[in-house]
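Chemist: Task: produce atomic coordinates for the following.
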Amino acid sequence: MLNPGAKIQTEQQDDPGMIIVRRITQGIYAHLPIRVTEWGMAWPALAMGLALKYQHDMFTTSPSFSRLAAIASQETWSVFVLACCLMRIIALTVNGTFSGFGISPHMRLIASLACLFFWSRYCLGFLDASMDGGGAWSAPAMYSTAVLFEIINSYRSWVDVLRGRQGK
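Modeler: Residues are numbered from 1 along each chain as shown. The predicted model follows:
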């Protein structure tokens, strides 16, 4: 009779690839509670980056996008947001998993500040439209939450950068 809780010895457990996957998984799991807002903000960055890339007329559908359009094209914003998401995911993956990779707090800080810049411009565009009577207040309510989380993420990353400089 099989015991579902028993460990089964296989060649895969000694496979170097599986050891790395296990180490990364354990590193992410160990830091997930303190990094949950950073992991959480990776999803809207990915989704918005893809939306900007594949909905080619997004900036022309509403005056709410005028603040973003004044800074860069929709394609540029797509690349920017997707790059921030990728940098964040890489930094969070190696953070705590590989102790020799000491710049992950710096990468997390850069990603948080860049996403803070994006979400604040995005939110302000919708806030302007709401105040002018042409937009719903629900968008700035939700996007300001993204801004708040990125402020929290930036603060936490900065604290980790400082701890790294102090050798803690």
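
Chemist: Look up phi and psi at residue 133.
Modeler: Residue 133 has phi and psi values of phi 90, psi 0 when expressed as degrees, to the nearest 10.

Chemist: wait, residue 136
Modeler: Here the main-chain torsion angles of residue 136 (degrees, to the nearest 10) amount to phi -80, psi 150.

Chemist: Give me the pLDDT for it.
Modeler: In this model, residue 136 is scored at 81, pLDDT.

Chemist: Run a quick neighbour tally on it.
Modeler: By the measure other Cβ atoms under 10 Å, the count of residues near residue 136 is 11. Using the backbone N, CA and C atoms, a C-beta is placed for each residue, glycine as well.

Chemist: so which strand or helix has the residue nearest to it when sequence neighbours are not counted?
Modeler: Spatial nearest neighbour of residue 136, excluding adjacent residues (Cβ to Cβ, 6 or more residues apart in numbering): residue 130 at 6.6 Å. Residue 130 is located in helix 104-131, with elements delineated by DSSP states H and E.

Chemist: which other helices and strands contact that helix?
Modeler: Under the contact criterion of 3 or more Cβ pairs under 8 Å, 6 or more residues apart in numbering; DSSP states H and E, the helices and strands touching helix 104-131 comprise helix 16-54, helix 66-71, helix 74-94, helix 138-166.

Chemist: I'd like to check the angle between it and helix 138-166, please.
Modeler: Between helix 104-131 and helix 138-166, the angle formed by their directions is 160 degrees, by axes from the mean of the first three to the mean of the last three Cα atoms, to 10 degrees.
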